[in-house]
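[1] Here is the input, now give the coordinates:
(chains A and B)
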Amino acid sequence: MRPAFSVIFLTTLIGAGQGLFLALFTAESYAAFDLLPAIAPGFLAAGSLLALLLLITGLGASFFHLGHPERAWRSAAQWRTSWLSREVIALPAFSAIVALYGLVHFSGANPTLGMLPSGAPIKVSAVLGSLGTLLAFLLFICTAMIYACLRFLREWHTPLTVINYTLLGGASGFTLAAALAAQLAPERTGFFAGWAVIITLMGLVGRGASLVRNRRLKPRSTLQTAIGIKHPRIVQKTQGAMGGSFNTREFFHGKSVFFLRRIQWIVVTCVFLVPAVLLAAGVWGSGIAVLAQAFAIQYLGLLAERWLFFAQANHPQNLYYQAVP
Amino acid sequence: MTQLALVIDLNVCVGCSACVTSCKEWNTSSAAGPLCDGNPYGAEPTGTFFNRVQTFEVGTYPATETVHFPKSCMHCEDPPCVPVCPTGASYKRKSDGIVLVDYDKCIGCKYCSWACPYGAREFDEAGKVMKKCTLCVDRIYDKGLPEKERKPACVRACPAGARLFGDVHDPDSEVSQAIREQGGYALMPEWGTQPANHYLPRRKTQLHIHEDELERSDNPLLIDSELPQPGTGEPSLDDVTSW
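    Alright, predicted model coming up:
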C-alpha cells in the first residue's frame, strides 16, 4: 500500500493523545488508592489540554485524506458495519471526555459522588477518567480494526495490529507524560518514565512479533488464482493503462526492499531502543531535556513505524499489476 | 432473487479493447458525471475506467498462449467493499445485486478500494469520489431503448461475442448455462467474496482423424470403394452393382 501521511499523522497523534490521557488517569487512580501521594490538579489539567490538542490535530490531519471533507459528517452513519465509522464516533466522544476531565481539574470543582466500600471517595474526575479510559481503549480498537478487519491484507489481519496500536499509543503517551511531569510535577517523573519503559518494551515484543510474522507470511492469492489460469509460468504483457492508473498508484509504495529494511531498523532503534534508554535515565532522575528528546525521537520513530505498517501490506490487487516496480 | 453479472469467455476474447472504449464512452457521458482523464494527450495519460483489458503470456516460448483478460467489478454476492464504507455510499442493490456507489454521499476516503481484492474500484481525481462499474444500470432498464439494446455497453460492443450478460441466479439464463456447461469460474475464490462475474476458460479444440475414417470404411453403401461385380445373369441394381 502507498502510505498516506494524513493517516500516519492521524493514527500517531491520537495514539499519543490516548496514551497521555491513560497516563494521567493511571497516576490519579494510584493517588485515589493511596499508592502515590496526591497529584497536582494543575498537572492533570495541563496534560489533558495537551492530550486534547493531540486528538484535535490528529482529527484535522485525517481531513486531508478525504476527497470531500465537507461531507465528513456523513461518515458516522454506518457504525453497525464499518470500523471507520465507529472511529469517527469514538474519537469526538473521547475528546469530549478528555476536555471535561481537564476542565474538572482546571476549575478545581471535583465533588465527591459517593464512597467505595473500602472508604475511598468516588470523585467526578474518577468517573470521567474511567469513562475516558474505556473510550481510549475503544478508540484504539476502532483505529486498529479499520486495518485488521481487511482479511485479504494479511499483514494487517491479525490481533497483533490491535495490540500494537494500543501499546505504541500507550508508550508514546506515557513518554510524553514523563516529559510533561519533569517540567510540572518532577516528583512523578519516575512513575511515568518507569511505566513508559515497560510499555515501550512490551511494544517492542508486539511489533517485533508482527515484523517476524510479516516476513514469514506466504501469499494466499497468486497470479494463478487471480486470473484463474493454472500454469506455473505467466508473464504480464499489458496492464490496461499507458501512464498508470489509480491501481498502480494507490497500492504500491515504490520503494526498494532495502529501503524498507532500513526503515525497519530505524523503527526498532527510534521507537524502542533509544527511548527506552533515555526513559530509564529519566527514572533515575534526568530532567526534561532528556525526556523531551525521548518523546521526540519516539514520535519520529512512530511516523516511520506507521509508514512501514502501510508499506509492508501487500494488496492482492497488485497481482494484476506485475510490472509496477 | 436476481443477481445480474457478466460472463467473459477468455477463449473468445481477442483483446481489442472495444469493451473498454465503449464502457468509457457510455459512462463518461452519463448523468452521473464524467470519468475524468489526466494528461490525456501527453506522454503519460491516465484516467478513470470501469473496465480494463490486460494481456498475459502463458507458458514458455514457443509453447505460449496469449490470454486477453478483461476485468471490471465482480459485483460480489458478499462484497467486502460495502460494509467498510463509513457513509453508506457503497451499497449492493437487493433487487438485482448490482454494487453501486452514490457519488453524492461518497467522501472519497478510498477505504472501499482497500477492501476490494480485485482492484475494481478507481478513484476519480477530478470528481474526488470512488467510481466503479455500474453494469450500465442507466441503460439496462431504459424503456426508451429497444429491448435488445438494454445490455451493458461493453456487452453490446464486443465484436467477438465474448461477453454475456444476465442473471446468474436464474438456472435457465444464458449466463448460468454457460457457467454450468463450459466450466465457468470466479476469480480469487479463496477470499469467499463469491464474485457474480464469471470467466469461461480457454479451451483446446482438437480433431482426431483415424485412418479408417480416411478410407471411409464406415460407409455402408461403399460409395467410394469398388463396387461388387456380380455375374451378368444376375439382376442389376442401381448404385449397388457396377453395371
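[2] which regions of the chain sit below the pLDDT cut-off?
    Since no chain was named, I'll use chain A. A:325 (pLDDT under 70).
[3] I was after chain B.
    B:212-228, B:235-243.
[4] now the strands for it?
    B:4-9, B:37-38, B:46-47, B:52-60, B:63-71, B:90-92, B:99-101, B:122-124, B:129-131, B:163-167, B:198-200 (DSSP state E).
[5] Reformat those as TSV; add mean neighbour count and distance to residue A:94.
    For the C-beta atoms, the positions are set from N, CA and C on the backbone; glycine is no exception. What follows is the strands of chain B, written out as TSV (neighbours: other C-beta atoms under 10 Å in any protein chain shown; distance: least, C-beta to C-beta, whole Å):
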stretch	mean neighbour count	distance to residue A:94
strand B:4-9	25	43
strand B:37-38	16	39
strand B:46-47	21	40
strand B:52-60	18	43
strand B:63-71	18	42
strand B:90-92	20	27
strand B:99-101	22	30
strand B:122-124	21	30
strand B:129-131	24	28
strand B:163-167	21	47
strand B:198-200	24	46
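[6] Which one, of the ones you listed, ends up nearest to chain A?
    With C-beta to the nearest C-beta as the measure, strand B:52-60 is the member of the strands of chain B nearest chain A (3.0 Å).
[7] quick one: that closest one to strand B:63-71, angle?
    On the basis of axes from the mean of the first three to the mean of the last three C-alpha atoms, to 10 degrees, strand B:52-60 is oriented at 160 degrees to strand B:63-71.
[8] which residues sit against strand B:52-60?
    A:227, A:229, A:231, A:233-241, A:245, A:320, B:13, B:15, B:17, B:19-20, B:64-72 (C-beta atoms under 8 Å, 6 or more residues apart in numbering or on different chains).
[9] Quick check on those: which are buried?
    Neighbour-count burial (16 or more other C-beta atoms under 10 Å in any protein chain shown) applied to those gives A:227, A:229, A:234, A:236, A:238-241, A:245, A:320, B:13, B:15, B:17, B:19-20, B:67-72.
[10] Mind jotting down where the strands sit in chain A?
    According to DSSP E, the strands that chain A contains are A:112-115, A:121-123, A:234-238.
[11] for the last one, packing partners?
    If I follow you right, that is strand A:234-238. On a contact count with 3 or more C-beta pairs under 8 Å, 6 or more residues apart in numbering or on different chains; DSSP states H and E, strand A:234-238 meets helix A:223-227, strand B:52-60.
[12] Just put these in a markdown table and tack on distance to residue A:84.
    Below are the helices and strands packed on strand A:234-238 laid out as a markdown table (distance: least, C-beta to C-beta, whole Å):
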| stretch | distance to residue A:84 |
| --- | --- |
| helix A:223-227 | 26 |
| strand B:52-60 | 27 |
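[13] among these, which is nearest residue A:113?
    Residue A:113 lies closest to helix A:223-227 among the helices and strands packed on strand A:234-238, at 59.5 Å (C-beta to C-beta).
[14] What is the burial count for the residue nearest to residue A:299 when sequence neighbours are not counted?
    Spatial nearest neighbour of residue A:299, excluding adjacent residues (C-beta to C-beta, 6 or more residues apart in numbering or on different chains): residue A:172 at 5.9 Å. Counted with other C-beta atoms under 10 Å in any protein chain shown, residues neighbouring residue A:172 total 31.
[15] Pull the contacting residues for residue A:172.
    By C-beta under 8 Å, 6+ apart, the residues touching residue A:172 are A:12, A:15-16, A:19, A:295, A:298-299, A:302.
[16] among these, which are in helices?
    When DSSP state H defines the helices, the subset of the contacts of residue A:172 inside them is A:12, A:15-16, A:19, A:295, A:298-299, A:302.
[17] Would you tell me which of the strands of chain B gets closest to residue B:231?
    Checking the strands of chain B against residue B:231 by C-beta to C-beta gives strand B:63-71 as the closest, at 60.6 Å.
[18] In chain B, what residue lies closest to chain A?
    Closest approach between chain B and chain A, counting by C-beta to the nearest C-beta: residue B:108, at 2.0 Å.
[19] quick one: that residue from residue B:125, how far?
    10 Å (C-beta to C-beta, to the nearest Å).
[20] Quick check: the gap between residue A:234 and residue B:113.
    Where residue B:113 is concerned, residue A:234 sits at a distance of 25 Å (C-beta to C-beta).
[21] out of the strands of chain A, which comes closest to residue B:154?
    Nearest to residue B:154, of those and by C-beta to C-beta, is strand A:234-238 at 17.6 Å.
[22] Good, we can wrap up now.
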